[in-house]
Structures are given as C-alpha cells and as structure tokens.
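Participant: Can you look at this prediction? I've put the sequence above it.
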Amino acid sequence: MNKATESVNQVKELCEKAYKAFKIYKKFSQSQVDYIFQKTAEVAFKESERLARLAVNDTGFGKYEDKILKNQFGSKNVYEAYKDWKTVGIVCKDSRKKIIEIAEPVGVVAALIPSTNPTSTAIYKSLLALKSGCALVCSPHPRAAKCILEAMEVVRKTAEEAGAPPNLLSTITIPTMEAIDELYKNQYTSLILATGGKPMVKSAYSSGKPAYGVGPGNVPAFIERSANIDRAVQDIVKSKTFDYGTICASEQAIVTETVVQQQVESALLREGAYFVNEREQKKLEKLMVPKPGKLNPDIVGQPPSWIARKAGFNVPERTKVLVVKPGGVGRDYPLSIEKLSPVLAFYVEEDWKSGCERCIEILNYGGIGHTLSIHSENPEVILQFGLQKPAFRIVVNSPSTHGAIGLSTAVNPAMTLGPGSVGGAITSDNITPRHLINVKRLAFDIEKDLPLGMFDHEPSHEEEGIYGTGKLTASQLEKIRFGFLEKMGFVDRQKHY
C-alpha cells in the first residue's frame, strides 16, 4: 500500500470515528461541555512553553518567546472570552418576539493547521470544537506535523480525561494532498476550517462542503500626520517582529504622508529598523520572491539578520526589521507582496487621500478583506478609512497583529480571521464557537396565546446565549489581557496614554 492510499484510508477511519464520538458528545449538557472546555484550556495553557519549543524546532522559524504567548492566547484568552457562552440546547428565549433559539452543533469539523502558527491554531480550533459540541479531525501542515501532533495529543488526552468521548479530537498522522482531499469531501465532514496557503483555502471552498477560509493578509499600516509618530512606529515594529512576522495580520507595508516622512523614518531607525539601499533591495527581491508573486517559504519567520546574510549583505545585529521601498504595488514590484517575515515595505504619499488609495492598492494585491491598521488622532480620517477600505479588521492606534486577533482590542479572540466575500470567504468575522453552531428557532404565532409555561425561567438579556451579549466587560478584558501585554512591554506605555 502506498503512502497516499494509506493516508486516505486513515482519514476515512478518523472521520467515521469522529462522527460516532460527535453523536455521543452532542447529548452532553452545557455544564459537561463547559467542564471539558475548561480543563482542556487549562492544560494547554500549562503546556504552552513546551509546545512553543517544539514548534520552533519542528518548523525552523519564529521566536520561542512569542510562540509561548500565542499558545497562551489560543488557550487562556479563548477560554476566558467564550466560557460563558451558551452553546448547548436552549440558548435564548425571547418572550416579546415569541422565539426560542436552540443550538445545533454542525458535526465533524475538518481543521487545516498551518505551519506559521501550528500549536496555537491546533489548540484554538480544538477549543472551538469542544465548546460548540462538535468533533474535529485535524490535518497538520507537513512541515509542522510533529508539533501539531503533540499539541493535538495534549488536547485530546485532556478532553477525554475530562469526560469527552474517545476520538472526538483526532489528527491525521500521514499528511498528504490526497488525505486533505478526502477529509474535505468525506461523507462525515460537515464543515471545514481552513487556515493555510491560498491553494488549500481555495480547495476547501471547491470541496462542496461549507467552509470558513482565511486568505493572505497583505496588511498596510497608514501613519497619518496627526498620529503620535513615536507610538505608531513602536506599535508597528512590535507587531511586525512578533514571532518574526508569521501572523497574517502583521503589517506588510507602512504608508505615510510626505509632511511626516522624516519623522517616521527617524522613529523607525530609533526602533531598530534598517533601510536597505538599492543594491541590497535587489538582492532581497531575488531571495524572497524568486518567481513573480511567489514568496520563498524558506525566509518565512526568520530573523532580519539571517535574511540579510542569506541575500548577500550584512546588517547590525540590533536590527529588528528590514525596510524596503518597492516604488509601487504589483507583480513588477516584488516586495509589495505579503512577506511573513520582519521585512516592511515603505511608501510615502502626498496626503491621507492618496495614502488611502495606496492602502487599497496594497490590499487588492493579495490582502483584500483581511486587515488594515491606521495610526491617527483625526476622527474624520479614521472614519473614512473604516468606510472606504476593503478590509474587515481596521485596527486603530494599536499593533495590527495583536489588534486583529483580539489581544490588544476587544474583537473576538481568534486565530482564524475571515476576509469576507471580497476575499472569497463566507464571513468577515473572527471565527468563534458560534460559527460551528446552527440555530433552530421555535417561532410562535405573534397573535395567539403561548402554551402555559413555555417561556418560564427565561434568561435575562445579559444571559442570552450565542446571539445574546456574549461579551466581556471592560474589567474582564483588562484582567485577561494584562499579563500578556505586560510580557510584551505594552502595559506601562498604555497606562501613560
């Protein structure tokens, strides 16, 4: 039996077992589900450091310290955000509209796990499945298979020890293209969560199954003249260098105005940026984009000094980010693509309106629908960016990486970020447990009397389920984020502002 056939057979077996486990888990109460969700998140959090080391050793890229934070985010932050959501049985009663909402988990979820955020995404997607009452079959990226398998083993073992049925969470151990194709199209697969390269996401949407896909994020960061320049540059550099730029919501280009160009460049130099010269930029283009529009995967998540040496020149060891000036956007300007590394494009425009157009141009070249960041103190400009940009996460005065995933902002915490219909996706949301749930509605005639006791013990508005508030208070958000922001050096600065 060849490898492809063996992998396909394994997927068929895993999907069938997952479906049987789902049929059992579907009958669990909200308290049972919440207990399993809690215990799994707690153990995953405790294993964050070990799994981070495995991820770096397995893939060969990223920062160990930042991968710890990503694992902690994917476990603790996700748990804290969704622990109180009602996801089982009756989730909402509305006596005014005479509607009762009932959660129905989608079933077996196929989860594609990328190499850029391997262990954190595996933890995050497993927790979404557990909270929503679903089963999950994971397909690991071959380059990160070892660390993903270990992360999935941690959550699987913990979930089962907490009471989950066997085979509710499982992983393909022979990752092949044929295995992915079978997973997508298997009769027991109900939904696909595809986080990965563009071909894999496109394949998910072509499978005939419902899918949430995430495309590339060629994220522009606009620094408008009214911005606090030093703070804006600090945010961008912190975000861009986080895990050496492997999160797709990280900034790929800075766009600023002529009037503040010198201030921005000076601030970048103070923050450890290195502006490459024309000769060095040619070498970078040859290394990083060997074919038009195609990024060299070997440079993903590598330190700037390593990338420079590989390209054929040296930079000071203190260098945090390489800055290039492509001169335009598109296939004729190789470094205008998403770079997934500590390399930033730099553009200067006459005013915010032309800067707005440049940002749209960048988004249209491989990042449409995903994320944009703006640094400004001008409410009108900020609002116009919100109204005009083809991006569904517009992060204001915050690091784009941390803001888009919900670490430094109050958006729903997620490692899978939908780019909306303009990006070829079914949703523009950060993916949460509610995206793995369908909702039944008992709808009563509004003119007739209700059956006696039908709406007894109705939850208050604040307690409503997945379509109720489901939001954290400001104090809860502060408590969750404080430890992470302190580790990343944000807390003192945020207090100051």
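Facilitator: Okay, I see it.
Participant: what's the span of stretch 72-85 from first residue to last?
Facilitator: With CA to CA, to the nearest Å as the measure, stretch 72-85 spans 20 Å from end to end.
Participant: Buried residues of it, list them for me.
Facilitator: Residues of stretch 72-85 classed as buried: 72-82, 85 (neighbour count, 16 or more other CB atoms under 10 Å). C-beta: built from backbone N, CA, C; applies to glycine.
Participant: Going by distance to residue 350, which of those wins?
Facilitator: For the buried residues of stretch 72-85, the closest approach to residue 350 (CB to CB) belongs to residue 73, at 38.8 Å.
Participant: can I assume that closest one sits in a helix?
Facilitator: Yes: Residue 73 forms part of a helix when assessed by DSSP: H, G, I helix; E, B strand; the rest coil.
Participant: which element follows the helix or strand harbouring residue 182 toward the C-terminus?
Facilitator: When elements are assigned from DSSP states H and E, residue 182 belongs to helix 177-185. For helix 177-185, the following helix or strand on the C-terminal side (DSSP H and E) is strand 189-195.
Participant: relative orientation of that next one and helix 177-185 in degrees?
Facilitator: Interaxial angle of strand 189-195 relative to helix 177-185 (axes from the mean of the first three to the mean of the last three CA atoms, to 10 degrees): 120 degrees.
Participant: what does strand 189-195 contact?
Facilitator: 15, 106-114, 117, 121, 125, 128, 134, 137, 183-184, 200-201, 203-205, 207, 209-214, 415-416, 431, 436 (CB atoms under 8 Å, 6 or more residues apart in numbering).
Participant: Buried among those residues? Need that as a selection in ChimeraX.
Facilitator: Here is the ChimeraX command that selects the buried residues among those (16+ other CB under 10 Å):
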select :15,106,107,108,109,110,111,112,113,114,117,121,125,128,134,137,183,184,200,201,203,204,205,207,209,211,212,213,214,415,416,431,436
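Participant: Show me the contacts of strand 189-195 that map onto helices.
Facilitator: Counting by DSSP state H, the part of the contacts of strand 189-195 found in helices is 15, 121, 125, 128, 183-184, 200-201, 203-205.
Participant: Could you export those as JSON lines, including pLDDT?
Facilitator: Converted to JSON lines, those look like this (pLDDT from 0 to 100):
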{"residue": "15", "pLDDT": "98"}
{"residue": "121", "pLDDT": "97"}
{"residue": "125", "pLDDT": "98"}
{"residue": "128", "pLDDT": "98"}
{"residue": "183", "pLDDT": "96"}
{"residue": "184", "pLDDT": "94"}
{"residue": "200", "pLDDT": "74"}
{"residue": "201", "pLDDT": "78"}
{"residue": "203", "pLDDT": "83"}
{"residue": "204", "pLDDT": "85"}
{"residue": "205", "pLDDT": "83"}
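Participant: Of those residues, which is the nearest to residue 317?
Facilitator: Nearest to residue 317 among the ones in helices among the contacts of strand 189-195, with distances taken as CB to CB, is residue 121, at 31.2 Å.
Participant: Am I right that that closest one is in contact with residue 74?
Facilitator: Yes: applying CB atoms under 8 Å, one finds residue 121 in contact with residue 74, separated by 6.9 Å.
Participant: who touches both of those two?
Facilitator: residue 415.
Participant: May I see the ones in helices among the contacts of strand 189-195 organised as a markdown table, with distance to residue 8 added?
Facilitator: As requested, these are exported to a markdown table (distance: CB to CB, whole Å):
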| residue | distance to residue 8 |
| --- | --- |
| 15 | 11 |
| 121 | 24 |
| 125 | 22 |
| 128 | 26 |
| 183 | 9 |
| 184 | 12 |
| 200 | 17 |
| 201 | 21 |
| 203 | 15 |
| 204 | 17 |
| 205 | 21 |
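Participant: so where's the stretch 101-250 of the chain uncertain?
Facilitator: Applying pLDDT under 70 to the stretch 101-250 of the chain flags the ranges 197.
Participant: any idea how far residue 453 lies from residue 29?
Facilitator: Residue 453 is 21 Å from residue 29, where distance means CB to CB, to the nearest Å.
Participant: between those two, who's got more neighbours?
Facilitator: residue 29 (10 against 7; other CB atoms under 10 Å).
Participant: residue contacts, that one?
Facilitator: Neighbours of residue 29 in contact, by CB under 8 Å, 6+ apart: 88-89.
Participant: Tell me the spacing between it and residue 126.
Facilitator: For residue 29, the distance to residue 126 - CB to CB - is 20 Å.
Participant: ok, now residue 102?
Facilitator: 24 Å.
Participant: So the two - more neighbours on which side?
Facilitator: Per other CB under 10 Å, whichever of residue 102 and residue 126 has more neighbours is residue 126, with 32 against 16.
Participant: mind listing what that one touches?
Facilitator: Residues in contact with residue 126, defined by CB under 8 Å, 6+ apart, are 40, 44, 111, 136, 138, 152, 155-156, 159, 169.
Participant: element containing the spatially closest residue to it that is not a sequence neighbour?
Facilitator: Distance criterion CB to CB, 6 or more residues apart in numbering; nearest residue to residue 126, sequence neighbours excluded, is residue 155 at 4.3 Å. Using DSSP H and E, residue 155 maps to helix 145-161.
Participant: Sounds good, over and out.
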